[in-house]
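J.: Only the shape, not the letters, is given here:
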């Protein structure tokens, strides 16, 4: 499986967050800046967290456990 990198996330538009007025304060460490009322997500931190999640999933799969992915959006 290919690793996710900064450029791939940028091209996919993953840096666009929610409107500033609809944000969750728990996301503050992952917000890079605000532009035109929209939060811009820090993609460097996103890449690090994706790698961390991939490693955790790998360990779960190695132990023989099952993983269920649930998406609530049609785009996912």
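T.: Cool, the structure landed. The shown structure was predicted, so the numbers you read here are calculated from the model rather than taken from an experiment.

J.: From here on, just use CA atoms for contacts and neighbour counts.
T.: Will do.

J.: For this protein, name the helix or strand with the lowest mean pLDDT.
T.: Considering only helices and strands, the least confidently modelled element of the chain by mean pLDDT, DSSP states H and E is strand 16-19, at a mean of 83.

J.: Pull out the buried positions in it.
T.: Within strand 16-19, the residues that count as buried by 16 or more other C-alpha atoms under 10 Å are 16-17.

J.: How far away from the center of its chain is the next helix or strand after that strand?
T.: On the C-terminal side of strand 16-19, the closest following helix or strand by DSSP states H and E is strand 31-35. For strand 31-35, the separation from the chain centroid amounts to 15 Å (computed by C-alpha atoms, centre = their mean, to the nearest Å).

J.: Same question for strand 31-35: list its buried residues.
T.: residue 31.

J.: Over to stretch 12-25?
T.: Under the neighbour-count criterion of 16+ other C-alpha under 10 Å, stretch 12-25 has 15-17 buried.

J.: partners of the least confident helix or strand of the chain, with directions?
T.: strand 38-41 (antiparallel) (DSSP bridges).

J.: distance between the strand it pairs with and the chain's centre?
T.: Going by C-alpha atoms, centre = their mean, the spacing between the C-alpha centre of strand 38-41 and its chain's C-alpha centre is 13 Å.

J.: Can you list the buried residues in the helix or strand following that strand?
T.: Once the chain leaves strand 38-41, the next helix or strand it forms, by DSSP H and E, is helix 43-62. Using 16+ other C-alpha under 10 Å as the burial criterion, the residues of helix 43-62 that qualify are 43, 46-47.
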